[in-house]
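Student: can you look at this prediction? I've put the sequence above it.
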Amino acid sequence: MSPGRRSPKALTDGRSDVALAEYERKRDFATTPEPRGRKGRGRANDRAPGGRFVVQRHRARRLHYDLRLELDGVLVSWAVPQGPTLDASVRRLAVKVEDHPIEYADFEGVIPSGEYGGGDVIVWDRGRWSPEPGVDPAEAIAEGDLHFDVAGEKLSGRFVLVRTPKGQGRGKEQWLLIHKHDEHAVPGWDPEEHPESVKSGRTNDDVARTPDALWHSDRPAAEAEVDVAAATAAPTGELAGPTDEELDALASLGAKGRWTVGGHHLALTNLDKVLFPARGDEPAVTKRDLIGYFARIAPTVLPYLAERPVNALRHPDGVDRPGFWQKKVPSHAPAWLTRWRYPDADPGETEWYVVADSGPSLAWLANYGVVELHPWTSTISDPHQPTWALIDIDPGTETAFEDVLVLARLHRTALEHLGVVGRPRVSGRRGIQISIPLAEGYTFDQTRAWVETLSRAVGATVPELVSWSWHKDDRRGLARLDYTQNAINRTLVAPYSTRAAPGAPVSVPLEWDELDDPDLRPDGWTIRTVLDRLEARGDPFRALLGVAQRLPAL
């Protein structure tokens, strides 16, 4: 075997325990916020060859881009000084560097000056990669010739990594990174013309000024990343959002105009159009009202939308007229709006989704006629791994709200008995939904099976209230305990999202004891009253954020 090459067996046997030794040797984890990673992840992938890829734009002593491919429990890595390109006529130098832990795929922050690689890092691109069909990627890397496809948010198509004779045997293997002449090739494509992070929308300058995320290397991976902005934000109930001046500017606009909020400029239209007819004594709700609410609720709702694709329900002509689901990012969306490409989309399915990660993005969606926000239960980092399990108590035509409460209380008792943490919320329409935070490592099949087992046990105690028929016409007006929402791209409405009904009711999280309040109603709060509730009681779901919970066997 040529000098500098490693055998395929050496690449796979105990990879994370052995290959990460160099990574750990170079770093002082008491100082650097980089993730330490976990031991014992050297087994081969259970899924098909390939996995996640990430490219991080790293301003250290010199600017470079780090290309990382998930393989056998680690991120195999190359430093690409001039960055990857879609230009098939260009060959980029790629220097082989030490393997990194899987957790590094999400790292975005500042490595302190004086530490190895000191400088700012952003997640410049990410997605999925797969080797050329029929090829063992570990063997191909050992042989110095890897052909692979990527499906990222910026990069796509077939790439080739080829090792050159330079650097072999001296610890710094030099490779060439080349894009093939395929339908994804773009002549003259320059990575420096696309400087924003696909994770946060920030540039390296933004991260250097105010790093949002720090890693605690001594914590488990699920708890390692801490959002500094959230940790230092005002206490729950003290809402921060658009300034008074920004809200005054929105109120003073005519039927249309340009509104600046959070540093972004929005061209607003039809501001006085009624989107929600009046309900009771409250006046109708206009698009201007909805935009203002989405901007003001942003600090509360964004933790439940962070890094999640959004399926949006649009009613541009008002909720009393037919609406429709919008998943695809429209071509006229502003460049600053965060987008994510779903790499597993089948032909004809939506590829590019909005990730609502700021107050301005929510305001833009409201101006676009979006009245309901439905985030995925998985994140863009791993769309096949849910971070929430959902219980949806869906009332039938003959179901009274008291029946819904009975079913919710039975679920409360079952979860308490099992020691499982979760919280309910009124849907804003007629039902109640329960959210259960998860540790990493679950599949949708597992969470769906767990919720089904739990809900069938609950339903068996009150069979007169529940139907398990899929079609509403077959349910005899009974409630359905819908466990099928635990699937990729199946969603429930976000906490604090409006619902498409008169008065603009809101989906509102509850404490468990509020299920016993005789005045509780499923659509009792609207955009005009929910902010007062938040100020008085805080956000009951805040306690669920960051809970890494294993589900007990049933």
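Tutor: Ah, there it is.
Student: need the contact partners of stretch 78-95.
Tutor: Identification of contacts with stretch 78-95 by Cβ atoms under 8 Å, 6 or more residues apart in numbering yields 55, 57-58, 62-68, 96-97, 125, 155-157, 159, 161, 167, 172-182, 184-192. Glycine gets a C-beta too; all of them are placed from N, C-alpha and C.
Student: for stretch 454-468, same thing?
Tutor: 391, 396, 399, 403, 406-407, 410-411, 414, 474-476, 478-481, 483, 554.
Student: cutoff 7 Å now
Tutor: Contact with stretch 454-468 is made by 391, 396, 403, 406-407, 410-411, 414, 475-476, 478-481, 483, 554, as judged by Cβ atoms under 7 Å, 6 or more residues apart in numbering.
Student: okay, how far is it across it, tip to tip?
Tutor: The first and last residues of stretch 454-468 sit 14 Å apart, counting by Cα to Cα, to the nearest Å.
Student: list the buried residues for it?
Tutor: For stretch 454-468, burial by neighbour count (16 or more other Cβ atoms under 10 Å) applies to 454, 455, 458, 459, 465, 466, 467, 468.
Student: out of the residues you listed, which comes closest to residue 503?
Tutor: For the buried residues of stretch 454-468, the minimum distance to residue 503 (Cβ to Cβ) is 27.7 Å, reached by residue 465.
Student: shaky segments in the stretch 151-300 of the chain?
Tutor: 167-171, 210-239 (pLDDT under 70).
Student: so what does the longest strand along the chain touch, helix or strand wise?
Tutor: Criterion DSSP state E: the longest strand present in the chain is strand 119-131. Other helices and strands packing on strand 119-131, by 3 or more Cβ pairs under 7 Å, 6 or more residues apart in numbering; DSSP states H and E, are strand 51-59, strand 109-111, strand 145-152, helix 204-209.
Student: determine which stretch of the ones you listed is the most buried.
Tutor: strand 51-59 (a mean of 23; mean count of other Cβ atoms under 10 Å).
Student: parallel or antiparallel, list what pairs with that one.
Tutor: The strands beside strand 51-59 in its sheet (DSSP bridges) come out as strand 63-71 (antiparallel), strand 119-131 (antiparallel).
Student: need these in JSON lines (columns: mean pLDDT).
Tutor: Compiled in JSON lines, the strands paired with strand 51-59 are given as follows (pLDDT from 0 to 100):
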{"stretch": "strand 63-71", "mean pLDDT": "95"}
{"stretch": "strand 119-131", "mean pLDDT": "93"}
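Student: just put the ones you listed in CSV and tack on distance to residue 535 and mean neighbour count.
Tutor: Shown next, in CSV, are these (distance: least, Cβ to Cβ, whole Å; neighbours: other Cβ atoms under 10 Å):
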stretch, distance to residue 535, mean neighbour count
strand 63-71, 44, 22
strand 119-131, 35, 23
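Student: can I get the ones you listed in JSON lines with distance to residue 349?
Tutor: Shown next, in JSON lines, are the strands paired with strand 51-59 (distance: least, Cβ to Cβ, whole Å):
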{"stretch": "strand 63-71", "distance to residue 349": "24"}
{"stretch": "strand 119-131", "distance to residue 349": "15"}
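Student: returning to that earlier point: name the nearest of the buried residues of stretch 454-468 relative to residue 519.
Tutor: Among the buried residues of stretch 454-468, and counting by Cβ to Cβ, the member closest to residue 519 is residue 465, at 22.2 Å.
Student: dihedrals phi and psi, that closest one?
Tutor: Main-chain torsions, residue 465, degrees, to the nearest 10: phi -100, psi -10.
Student: over to the one 5 residues further on?
Tutor: The phi and psi values for residue 470, taken as degrees, to the nearest 10, are phi -70, psi -50.
Student: how near is it to residue 483?
Tutor: 12 Å (Cβ to Cβ, to the nearest Å).
Student: how about residue 80?
Tutor: According to Cβ to Cβ, residue 80 and residue 483 sit 45 Å apart.
Student: over to residue 184?
Tutor: Distance from residue 184 to residue 483, by Cβ to Cβ: 39 Å.
Student: looking at the two, which one has more neighbours?
Tutor: Higher neighbour count among residue 184 and residue 483: residue 483, with 22 against 18, using other Cβ atoms under 10 Å.
Student: wait, that one touches residue 453, no?
Tutor: No - using Cβ atoms under 7 Å, residue 483 is not in contact with residue 453, being 8.7 Å away.
Student: picking up where we left off before, closest to residue 358 out of the contacts of stretch 454-468?
Tutor: residue 391 (29.9 Å).
Student: confirm residue 406 sits in a helix?
Tutor: Yes - counting by DSSP: H, G, I helix; E, B strand; the rest coil, residue 406 falls inside a helix.
Student: that one and residue 297, how far apart?
Tutor: Distance of residue 406 to residue 297, computed by Cβ to Cβ: 31 Å.
Student: these two: which has the busier surroundings?
Tutor: residue 297 (23 against 18).
Student: what about the more buried one, which helix or strand?
Tutor: Residue 297 belongs to helix 287-301 when assigned by DSSP states H and E.
Student: who touches that helix?
Tutor: Residues contacting helix 287-301 (Cβ under 7 Å, 6+ apart): 233, 239-242, 247, 250, 261, 268, 270-273, 275, 359, 362-363, 365-367, 494-496, 498, 527, 531, 534, 539.
Student: of the strands paired with strand 51-59, which is nearest residue 280?
Tutor: Per Cβ to Cβ, nearest to residue 280 of those: strand 119-131, 47.0 Å.
Student: what's the offset of the first helix or strand past that closest one going along the chain from the middle of its chain?
Tutor: The helix or strand immediately downstream of strand 119-131 is helix 137-143, counting by DSSP H and E. Helix 137-143 sits 32 Å away from the centroid of its parent chain (Cα atoms, centre = their mean, to the nearest Å).
Student: mind exporting helix 137-143 as PDB, just the C-alpha atoms?
Tutor: Only the C-alpha atoms of helix 137-143 are listed here, as PDB (Å, rounded to 0.1, in the frame of the first residue of the first chain):
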ATOM      1  CA  PRO A 137     -16.400   4.900   0.400                       C
ATOM      2  CA  ALA A 138     -13.800   4.000   3.000                       C
ATOM      3  CA  GLU A 139     -12.000   1.900   0.500                       C
ATOM      4  CA  ALA A 140     -12.200   4.700  -2.100                       C
ATOM      5  CA  ILE A 141     -10.700   7.200   0.300                       C
ATOM      6  CA  ALA A 142      -7.900   4.700   1.100                       C
ATOM      7  CA  GLU A 143      -7.200   4.400  -2.600                       C
END
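Student: in the stretch 451-554 of the chain, what residue spans correspond to strands?
Tutor: For the stretch 451-554 of the chain, strands defined by DSSP state E, counting those that start in this stretch occupy the ranges 480-482, 508-509.
Student: okay, now the sheet partners of the longest one, with direction.
Tutor: If I follow you right, that is strand 480-482. strand 388-394 (antiparallel).
Student: return the partner strand as PDB; C-alpha atoms alone will do.
Tutor: C-alpha atoms of strand 388-394 as PDB (Å, rounded to 0.1, in the frame of the first residue of the first chain):
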ATOM      1  CA  TRP A 388     -40.800  15.700  19.600                       C
ATOM      2  CA  ALA A 389     -43.500  13.000  20.000                       C
ATOM      3  CA  LEU A 390     -47.000  14.200  19.400                       C
ATOM      4  CA  ILE A 391     -50.400  13.200  20.800                       C
ATOM      5  CA  ASP A 392     -53.300  14.700  18.800                       C
ATOM      6  CA  ILE A 393     -56.800  14.500  20.400                       C
ATOM      7  CA  ASP A 394     -58.900  15.200  17.300                       C
END
